[in-house]
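Asks: coords please:
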Amino acid sequence: MGQVWPGYEGPENLKTLKFERCFPVDKEFRRYMRVCPAMKSFSLKGSILQTYPLDFIDAAFPPFPPADIWGQLQSLDLSGIGKMVKLVHERVLSAPECTVTHLYLEQCPILPRPVYDHLKIEFLSVAGYRPSTDVGNAFDEIDAWASIPTLKKMNASGCELTQGQRDELVRRHPNVIFNVNVEFEESPRIHF
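Replies: Presented below is the predicted three-dimensional model:
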């Protein structure tokens with residue numbers, strides 16, 4: 001984070017912010033995030049959060065200037081984070097101001113149920129989703145996400161699905177392009 005590259009104008013112009021595979025994500029990152037009002041893409045992929053994710057995000061993005069990140073963020077990557085359900089539910093699924101179009105929840109142990117009214121999600125990756133038996137079954141959870149009206153593409157590779165369930169997803173949702181390969185395939189990330 002100490003290097004400056006040619007053409008760098010400062011964090012206020014930063015559009016993509018990644019804290020991937022960090023342990024732990026702490027106050028230093030929070031302070032840095034506060035000065036990035038132009039951010040469109042945010043990734044915590046594989047990181048271990050020191051506090052509950054919602055507390056972390058609220059501390060980093062308070063509901064006053066410089067910006068409300070949830071009204072401008074387009075790409076959100078929470079892959080490999082176990083404690084993301086409440087964050088996704090409160091900041092993406094139940095927040096009418098959320099503008100996320102690309103959501104990455106790869107290899108997460110639990111998927112929250114989607115709420116459709118305001119969602120703008122066009123691409124979703126739940127690759128590697130293998131729920132424990134007390135959570136539910138992968139087909140029902142993935143099928144619920146595939147029902148989002150704005151969804152165009154979904155990566156459900158490496159999920160705990162039978163061939164019949166893979167075929168059924170494609171049949172039920174003809175407007176969605178699926179990757180339902182048996183083997184896990186990480187999605188390429190889109191940054192705005």
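Asks: List the contacts of residue 192.
Replies: With contact set as CB atoms under 8 Å, 6 or more residues apart in numbering, residue 192 has these partners: 15-16, 40-41, 74-75. Glycine gets a C-beta too; all of them are placed from N, C-alpha and C.
Asks: any idea how far it is from residue 96?
Replies: Distance, residue 192 to residue 96, by CB to CB, to the nearest Å: 20 Å.
Asks: pLDDT score assigned to the spatially closest residue to residue 40 that is not a sequence neighbour?
Replies: Closest residue in space to residue 40, ignoring its immediate chain neighbours: residue 192 at 3.7 Å, by CB to CB, 6 or more residues apart in numbering. On the pLDDT scale, residue 192 is placed at 82.
Asks: Lowest-confidence entry in the contacts of residue 192?
Replies: Among the contacts of residue 192, pLDDT bottoms out at residue 16, giving 75.
Asks: Test my guess that that one contacts residue 190.
Replies: No: contact criterion CB atoms under 8 Å: residue 16 and residue 190 do not qualify, at 10.0 Å.
Asks: Return every residue with contacts to both of the two.
Replies: 41, 75.
Asks: how about the helices in the protein?
Replies: 27-34, 53-60, 85-88, 138-146, 163-172 (DSSP state H).
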